[in-house]
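Asker: 3D model of this:
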Amino acid sequence: MDLSLFFLGTAGSVPSARRGLPAVLVRRGGDRLLFDCGEGTQRQLLRSVGLVDLDTVFISHFHADHWLGLPGMLKSFALRERSEPLTVYGPSGLRELMGAMRVVYGRLPYELEIVELEPAQTVAREGFLIAAVPVRHKAESCLGYALVEEPRPGHLDARLAQELGVSPGPDFGRLQRGEMVAGVRPEQVMGAAREGRKIVISGDTAPCEALALAAHQADVLVHDATFADEEGDRARQTLHSTARQAAELARDAEVRLLALTHVSSRYAGGELRDQARAVFAATELPRDFDTIEVPFPERGGATLVRWSARQAREREQQAPAPAPPEPVASP
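Answerer: Residues are numbered from 1 along each chain as shown. Got it, this is the predicted structure:
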C-alpha cells in the first residue's frame with residue numbers, strides 16, 4: 001500500500017515567495033490526511049495536486065500560521081457541494097476556536113465533527129492509528145502526531161502449506177488472516193509478523209522527550225527546524241528547534257529519515273540542511289510540493305522526490321509512444 005507525505009507548506013511563521021505556511025498531506029492508500037492548514041493551503045493544493053477530498057484534518061496548535069487556512073477550505077468544500085463528512089482533530093480549545101470561526105465558514109452541507117484530543121490519545125483507522133504526542137511550544141496546547149501502522153502478517157510458506165494439505169487460493173488468504181485451515185494453524189506456515197511503517201510530525205516544538213520516544217525508529221520524522229545554530233538563544237526563547245537539535249533527536253531516536261520543515265524566511269534552507277547532516281546524514285529539507293515516498297521497510301528506505309522530478313516523470317508517462325519507422329521500399 002502506498003504511503004507518502006506531500007509538503008504543501010514548509011515555511012515558518014511567515015510565508016516567503018517559495019514557501020507557504022505549514023501543511024502536510026499524508027496519503028495512505030485511499031486515505032487523505034491533512035496535518036495543519038496554514039493560510040493559503042487550499043491554494044497550494046490547487047497549484048499542485050488539486051483540492052482533494054480530505055476526510056480528516058489534524059491541527060497541531062492554535063498559532064495562526066497552522067490553522068488559518070481551514071475556514072476558507074471548509075467553505076470551498078461547501079461551494080463544491082461536498083456531502084461526505086469531515087473530521088477535524090486538535091488539542092483542547094479546538095471546539096471554541098471552530099465555534100468562533102463559524103461566522104466565517106457558515107452553514108455547511110456536510111457533517112463537520114470537531115474532536116479535541118488529549119496527549120497520548122489515539123485515533124484508530126483501518127490498518128493504522130494516529131497518536132497525539134505532547135510537545136513543547138509556547139502555545140497553551142500543542143500536539144505532534146505519529147501515524148503508526150499495524151504489523152503485517154509474515155510471509156506464507158506456500159510449499160509447506162500445500163504439503164500439509166492446504167489448497168492454493170482462498171485458503172491461503174484465510175491462513176494469512178490468522179484462521180486455521182484443514183487443521184493447519186497459521187503459525188505452522190507463516191513467518192514472523194513484519195513491522196508496519198511509522199511517520200511522526202512534530203509541529204512546532206523545542207526538543208522534548210515525548211517526541212523522541214514517539215519517533216523511535218520512525219521511517220520518517222518531520223521536525224521543526226526554524227533556526228540555525230547561531231540563533232540557538234532565539235530558539236530557546238520561542239520554544240522552537242534548531243536544525244542541529246532536530247538532527248540530534250533523530251539520531252538518538254534511530255530515525256530512518258529526517259525531514260526539516262518550518263523554515264524561517266531568514267534562511268534559504270541549504271545551511272539548515274548542512275548543519276543537520278553534520279550530525280545525522282539521513283536528513284532532507286523538502287521544498288513546497290516535494291514528496292517523501294515511504295515504502296515498506298523490506299523494499300528500501302523513504303526517499304525525497306522533488307516536485308520538478310515528479311512533473312518530469314509524469315510528462316514522460318503521458319508522452320505518446322514514438323511512431324514505428326516506416327518500412328523501406330525494396331529497390
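Asker: Could you use CA atoms for every contact and neighbour count after this?
Answerer: Noted.
Asker: Return the helix or strand in this protein with minimum mean pLDDT.
Answerer: Using mean pLDDT, DSSP states H and E, the weakest-scoring helix or strand in the chain turns out to be helix 307-318, at a mean of 86.
Asker: Okay, now the unreliable bits of the protein?
Answerer: Under the criterion of pLDDT under 70, the regions of the chain flagged as low confidence span 323, 327-331.
Asker: Quick check: phi and psi at residue 297.
Answerer: Listed backbone geometry of residue 297 is phi -50, psi -40, with angles given as degrees, to the nearest 10.
Asker: Stretch 41-58: how far from the chain's middle?
Answerer: Using C-alpha atoms, centre = their mean, to the nearest Å, we find the averaged C-alpha position of stretch 41-58 to lie 13 Å away from the chain's own average C-alpha position.
Asker: and the end-to-end length of that stretch?
Answerer: In stretch 41-58, first residue to last residue: 14 Å (C-alpha to C-alpha, to the nearest Å).
Asker: Provide the contact partners of the least confident helix or strand of the chain at residue level.
Answerer: Contact with helix 307-318 is made by 288, 289, 290, 291, as judged by C-alpha atoms under 8 Å, 6 or more residues apart in numbering.
Asker: Please identify which of those residues is nearest to residue 186.
Answerer: residue 291 (37.6 Å; C-alpha to C-alpha).
Asker: how about that closest one, what does it touch?
Answerer: Residues in contact with residue 291 (C-alpha under 8 Å, 6+ apart) are 4, 5, 6, 7, 304, 305, 306, 307.
Asker: out of those residues, which are inside strands?
Answerer: Mapping the contacts of residue 291 onto strands (DSSP state E) picks out 4, 5, 6, 7, 304, 305.
Asker: Would you mind measuring from the second one to residue 90?
Answerer: To residue 90, residue 5 is 19 Å away according to C-alpha to C-alpha.
Asker: which one of those two has more residues nearby?
Answerer: The residue with the greater number of neighbours, taking residue 5 and residue 90 and applying other C-alpha atoms under 10 Å, is residue 90; the counts read 25 against 22.
Asker: I'd like the distance between that one and residue 110.
Answerer: Applying C-alpha to C-alpha, the value for residue 90 to residue 110 is 20 Å.
Asker: Likewise for residue 197?
Answerer: Residue 197 sits 32 Å away from residue 110, going by C-alpha to C-alpha.
Asker: Show me which of those two is the more surrounded one.
Answerer: When residue 197 is set against residue 110 and neighbours are counted by other C-alpha under 10 Å, the residue ahead is residue 197, at 21 against 15.
Asker: Quick one: classify residue 286 as helix, strand or coil.
Answerer: Under the three-state scheme (DSSP: H, G, I helix; E, B strand; the rest coil), the conformation of residue 286 reads as coil.
Asker: For it, grab the count of nearby residues.
Answerer: For residue 286, the tally of surrounding residues (other C-alpha under 10 Å) stands at 25.
Asker: Same check on residue 97?
Answerer: Taking other C-alpha under 10 Å as the criterion, the count of residues near residue 97 is 12.
Asker: phi, psi of it?
Answerer: phi -60, psi -50.
Asker: now do residue 224
Answerer: Per-residue torsions, residue 224: phi -50, psi 130 (degrees, to the nearest 10).
Asker: And the one 5 residues further on, by the same measure?
Answerer: For residue 229, the backbone dihedrals (degrees, to the nearest 10) come out as phi -50, psi -40.
Asker: Now do the contacts for it.
Answerer: Contact analysis of residue 229 by C-alpha under 8 Å, 6+ apart lists 242, 243, 244, 275.
Asker: What of residue 182?
Answerer: Residues touching residue 182, when contacts are defined by C-alpha under 8 Å, 6+ apart, comprise 165, 166.
Asker: mind running it again at 7 Å?
Answerer: The contact partners of residue 182, by C-alpha atoms under 7 Å, 6 or more residues apart in numbering, come to residue 166.
Asker: Residue 201 contacts residue 224, correct?
Answerer: No: using C-alpha atoms under 7 Å, residue 201 makes no contact with residue 224, being 8.7 Å away.
Asker: before we move on, back to that, quick check, nearest of the ones in strands among the contacts of residue 291 to residue 171?
Answerer: Nearest to residue 171, judged by C-alpha to C-alpha, of the ones in strands among the contacts of residue 291 is residue 4 at 32.3 Å.
Asker: Show me what that closest one is bridged to.
Answerer: When bridges are taken as DSSP bridges, the partners of residue 4 come out as residue 27, residue 293.
Asker: hang on, isn't it packed against residue 26?
Answerer: Yes: counting by C-alpha under 7 Å, residue 26 is a contact partner of residue 4 at 5.8 Å.
Asker: Residues in contact with both of these two, list them for me.
Answerer: Common neighbours of residue 4 and residue 26, using C-alpha under 7 Å, 6+ apart, do not exist here.
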